[in-house]
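A.B. asks: Here is a sequence with its predicted model. Questions after.
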Amino acid sequence: MSDSSDEGREALLLRASTGDQSAADHLLGRYRTRLRQMVKCRMDPRLSPRFDPSDVVQEALLAAAVKLPEYCRDRPIGFYPWLRRLTWERLTDLQRKHLKAKRRTVVREEPLQEELPDASVDALAQSLALSATGPLGAAIREERLARIRQALGDLDEEQREVLLLRYLEGLRMNDIAEVLETTVAAVKMRHLRALRRLREALGLS
Amino acid sequence: MIRPRDRLERTSLASPEGESVLARLVDEVADKIEAGETIDWEHYATEWPAHVDELRRLAPTLEAMAELAPGESLPPKAEGASSARSAELQTLGDFRLLREAGRGGMGIVYEAEQISLGRRVALKVLPFAAMMDSRQLQRFKNEARTAATISHPHVVAVYAVGCERGLHYFAMQFIDGRTLAEVIGELAQARSQPTRGEQAAPYDVPQRVAPDVDTGRLCPLSTAAGQGRGYFRRVAELGIQAARALDHAHECGVVHRDIKPSNLLLDHDGKLWVADFGLASTTREGDLTLTGDLLGTLRYMSPEQMRGRPGAVDSRTDIYSLGITLYELIALRQAFPSADRQVLFEQIAEIDPPPLTRFRRDVPTDLQTIIGKAIHKDAGSRYQTAGELADDLQRFLDSKPVRARPTLPHETVAKWVRRRPAWAALIGVCVAACLVVIGLLAWHGRSLSRALADTEQLRQEGLQREAQLRTQLYSADVADAMAKIDRNDVAGAQAILGAYRQPLSGEVDPRGPEWEYIERHSTPAEPLWRAKHHASEVQAVAISPTGRHGASSDRLGVLKVWDPRSGKLLKELQLHEGEARALVFSPDGSRLYSAGQDRMIKVVDTSTWQVVRTRQFAHGRTIYSLALSEDGTRLASAARDDGGIRLWNASDLSLLQEFTPPAGSYDVAFVPGEKELISVHARHILCRWNIADGKLLETRDFGHASSFQEVAITDDGLVFASGTNSLVFCFDLAAGQPREPLPAGNSIHAMAWSSRRGTLLLAGGNGQLCRWDLGAPALSDLRMGWRQGPRGRVMAVAWLPEEQSFVAGSSDGWVGVWETASIPTDWRRNLVTGRGKAGGLAYSADGRWLATAGEAPVRIMNATTGQTRVTLSDANPAPGPLQFAHGDQSLIGLIDNTALGVWDAESGRLLRQIEPRAGTIQQFQVAPDGRTVAIPVSASVAGSAVVFFDLVTGARSRPDLPCKEPPAQFHFPIQTGPALVTFHDGVAELVDLKNPAAARVTADSVYQGAVRLSPDGKTVAFGANLGWHVHLIDATTGLHKQTISLNGKGVARDIAWSPDGRLLAISTTLGAVELWHVPTLRLLYPLNPHLSLLTHAHLVRFSADGRTLVVSQNETNSRGETVVTIFPLGTDTPPSARSFGPWRRGLD
């Protein structure tokens, strides 16, 4: 999340684009933790006994290593949003294959939330409810969990997505804007609205 | 993380109080809370009185959210670590890397020397281990250590497992030999082309089909591509060796889990070795997306392993994989050849490979039965231990009855029903229907005809399904064949393609131009001669200027002298200890200079072939290069390890000058005029030296971590430098300027420049060789007929004196001479069509003419020769759409944004100018009748509309079609008959011109420009704006039919349907052009239009016969030229006629 890492990233990207394998390894390795976090909170719970998020990330990074020179030529989107997209594709492939999701008949492209709002809502709700040392105290955890789940479920998909990207995946606002293909101002607005709804639901005023 | 104050203040001035300001403030506060800072509420109260309360109310929620914040991403590693790593990669701990021996799976294998013990080892480096997490890493280490404890005469010993500078490696016993995968490939090739080899090598090569196999003393295996019973006995012997090794490992508790031909090595004594124990754990056996090399592993996985249930995988998995390997040794083709992961999954899970008798009628029944048992889908029905398998194979050898039993007919049926329930049900229905028929016959004769019709319908459905499966198989095979060609596995590709050459009668031939394209790629040129002169890698070749002698030297320091015309071996000398990398003849051909790893420069007299002089290089280890001045008086040498360059007196080898470059030296050359030297070094540095005083005149750092290894200079002082990087750099000495580098795709191992031809020959790149004709827009890839396995890389090249042919030496010891003109290129041709960015690309229906709309003047040119037919006069088309019309008689383009021009395609005269009505035009589209042109006009006052003109008469031909606002973005991709697909504002619409009111919205999220209606008018293909997909929708109903995933290749930039609708060519924003098979929606192969680092593919067009594809680039090249790449898919012109076009002499 710090800008200092971006400088090193440019140098590594340049080198990786010319086939320097170790530079590519360094560069991709850096994003492991963040991507794993992303997969962890978005993977369908039915899959988690069978697949480790690390494996999904590993696959995605392997694919990224192959595609890196191509990416460097054009740079259609930011680097992390690109990696995230590759990872997302791996994940949705996996889930589609294993959960036999219904084939979509509607022609509509959504960059996010193809199949699984439930898993991510649960992940977010649980982490919120379990942050027991926070200002809320641990006593009413169960009740709170239900309430949070309700609150998150009530959020617009757009708003929930901003919360997920920012607080579970730790993306910066401009990265979120790229992922959601909208402007930074719009993302901030959704952030504000999501917080308000959540505040009401959690009774934090 | 904290926004600077001044920025906030600016926003406070610029924007009114409101939600958006609050949203920014909340973000700012959130950042602070996440960073653990205290919030200065007073500051907010002063600056933002209207918002401070709301901010405070939100703070607890923000704090709750901040608790969730994930850990910071990994701290960036120290800068420069990576480049240092590459440079230091020459050694790894106790190991000195000698050369790359191969790549595969997860690692790169190097031939290395263990410094402390002085022994040769194979070092497997796992670059991706750097990305494993600690759990995976631990598992890898544990398994590797266990594997290291296995000691067996047929198991490659693991000497050490270690980690050095973050690179994990595995040191193993070095086996000098080949893998079974290579052996299978060679035998398959020998079988598929039983005679051509002998014709091509009339001299010196013994009359046998697979000579390399014999030199490896694997005699029984090589008997004429595995003919006769001896061959089957040999296969059984190999099977026994492998099975015994596995049995021992299983007893030690180690399951290999990755047995496949490329993990079984055959040394020169014919002994088999099992390699890579303990490595399988680094690849997941789960069914996650495996790509590339991992597919090679997948092919040999047992059904239970493929399903990814860890508990189900035991030693019987190895028995299965060994069984499949033995199967392939006999069939000489893959048991499951599909390149498509999903198809492969299904095949492994459900289908038995074809019976071996299909490939070899004489295969002994017992051996077939044994293999059948080993590869049984059900682990419980296989041999339960590898020892049992070995015993049964031994019984076969001893002609005793084997234990395995052939599958009985009723078992076959039962198995089949289990695997194909749908088909079984279908047949059940058929049988039932027949019974009904019989019943009805007895009961009432009139129902007979109807019952028969039902039966017929069922039969038709069955046949239809079968045809679909066959089409699936076809597209999978095409994709697989191309993948093999890309790995230089021509034999493998031939084996796959052979099945389609003679379609069976009654079956639909599934082939199209795409098949011809790969068929051509799999028939490489034969050499004038070739011979396996060396036992190890050829490292240097040279031809005497008189053309009388050719010389080659190898990694073991052996020099061979041969006749360049016939290949006949004239002389053999052991010149050096270790590598001999540099060879050069004196200008009169009387002397030969050689140097190598022993730091010796040796001079050989070419009349007596005696070493007449020897000189030791002062320092360093390996001399990589020697260069002679034109008059032959001075010799320059470059050594890698101490980086030194020396200049010697060529007659007595006295030292004249020393040069001290900044990094290890790989190559040196005299600059024409011979006052200066040019040298190239590690880390992409190029140096210029003054010969007289040894002074460094200039250093150029091209800023890459890899090494320059080769340099070549033209008479005009143009320097080419290349190496482990995939680029060829070009530097103009006269101008003192670098030129645009050329992308080669892969490492370049050697270069040779021909002044007479203006051609640079490069070993490596995308083909086995590639060439660059001075001034041509890009490199062309050449494919040569080594007729070897995938390992035969070209390591050294040199021109023969007349420069019509060249000699090449390979990594597996072959030397051969090819005529340049006879070598097929990849047939991709690049034409310079004009100047400036190509806004439009016109390709005539007959495929003869081509034009691009760039800067004036615009020319119509011959699409084959590049010759100008005519230059457009009277007016110039604007850089926009351009189309041939009226039977290719006219060319249509925009003159400006109010008028359309119609030019005569033959005279270039402007025939007509069409000014439709007030408003602006950006697009137009000619209807398939060639006469009607549809022009969308955007006008705010008069209203926007699509207007229709007759190109011949210049009159309106249809009523206007009013359309929505805002009409600024109009695209009229293609239309047939009365339909028209329009695109505006992200929505594609299908308009029936007979009934324009009934416009149907068919799809949103369309990527601008990439909307194409199929030739039959039934399907619309469009690129999705979000996500990397091309969607196919039904043009009549607007319903979504299918999706093509571009799999990370970018967003579809342009799409072209082949005229028969079988193929889709898609260019993407990442520069790829992919050819898709529409009936099966499978990617057949990518075409490579990559010309430079700056440009990529843009517009794609098929010729009217669908046999040619043209691709334009999104930008001009560095000289401002418009370049169009032409891919002739179908074969109608002999390839040799196309090898040299008029564009060759680009500098003239």
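C.D. replies: Thanks, I have the structure now. Computed from a prediction, not measured in an experiment: that's the story for all the values here.

A.B. asks: Are the strand or helix carrying B:H749 and chain A in contact anywhere?
C.D. replies: For B:H749, the element it lies in under DSSP states H and E is strand B:748-754. No. Contact check for strand B:748-754 against chain A, using CB under 8 Å from any CB of the partner chain: none in range, with a minimum separation of 12.0 Å. Any C-beta I mention is one placed from the backbone N, CA and C, and that applies to glycine too.

A.B. asks: Can you list the neighbours in contact with that strand?
C.D. replies: B:709-714, B:720, B:722-723, B:728, B:759-765, B:793-799, B:803, B:806 (CB atoms under 8 Å, 6 or more residues apart in numbering or on different chains).

A.B. asks: where's the nearest residue to B:V946 once chain neighbours are set aside relative to chain A, distance?
C.D. replies: Spatial nearest neighbour of B:V946, chain neighbours left out: B:L961 (4.2 Å); criterion: CB to CB, 6 or more residues apart in numbering or on different chains. Distance, B:L961 to chain A, by CB to the nearest CB, to the nearest Å: 25 Å.

A.B. asks: Verify the contact between B:L961 and B:S944 for me.
C.D. replies: No. With contact defined as CB atoms under 8 Å, B:L961 does not reach B:S944; the gap is 9.8 Å.

A.B. asks: Please identify which of these two sits among more neighbours.
C.D. replies: Higher neighbour count among B:L961 and B:S944: B:S944, with 22 against 19, using other CB atoms under 10 Å in any protein chain shown.

A.B. asks: in the stretch 851-1000 of chain B, which spans are strands?
C.D. replies: B:859-862, B:868-871, B:882-885, B:890-894, B:900-904, B:910-914, B:920-921, B:925-926, B:932-938, B:945-950, B:956-962, B:979-984, B:987-992, B:1000-1004 (DSSP state E, counting those that start in this stretch).

A.B. asks: List the neighbouring strands of the third one plus their orientation.
C.D. replies: Strand B:882-885 has the following sheet partners, assigned by DSSP bridges: strand B:890-894 (antiparallel).

A.B. asks: Could I get the phi/psi values of B:I543?
C.D. replies: phi -120, psi 130 (degrees, to the nearest 10).

A.B. asks: Let me see the contact set for it.
C.D. replies: Taking CB under 8 Å, 6+ apart, one finds B:549-551, B:564, B:585, B:798-801, B:807 in contact with B:I543.

A.B. asks: just for the stretch 901-1050 of chain B, where's the confidence low?
C.D. replies: B:940-942, B:963-1010, B:1024-1028, B:1036-1039, B:1047-1050 (pLDDT under 70).

A.B. asks: 50 instead, please
C.D. replies: Per-residue confidence for the stretch 901-1050 of chain B (pLDDT under 50) gives these ranges: B:965-977.

A.B. asks: One more: the stretch 601-750 of chain B?
C.D. replies: If you take pLDDT under 50 as the line, the stretch 601-750 of chain B has no such spans.

A.B. asks: change it to 90
C.D. replies: B:615-624, B:630-631, B:639-644, B:655, B:658-666, B:672-675, B:680-686, B:692-694, B:698-750 (pLDDT under 90).

A.B. asks: where along it do the helices fall?
C.D. replies: According to DSSP state H, counting those that start in this stretch, the stretch 601-750 of chain B carries no segments that qualify as helices.

A.B. asks: Kindly report the same for the stretch 351-500 of chain B.
C.D. replies: Using DSSP H, counting those that start in this stretch, helices in the stretch 351-500 of chain B cover B:365-374, B:386-397, B:409-419, B:421-443, B:448-486, B:490-501.

A.B. asks: for the helix or strand harbouring A:G29, packing partners?
C.D. replies: Using DSSP H and E, A:G29 sits within helix A:21-30. Packed against helix A:21-30 by the contact rule (3 or more CB pairs under 8 Å, 6 or more residues apart in numbering or on different chains; DSSP states H and E) you find helix A:4-17, helix A:53-74, helix B:81-88.

A.B. asks: avg pLDDT for the last one?
C.D. replies: Yep, that's helix B:81-88 we're talking about. Regarding helix B:81-88, the rounded mean pLDDT is 35.
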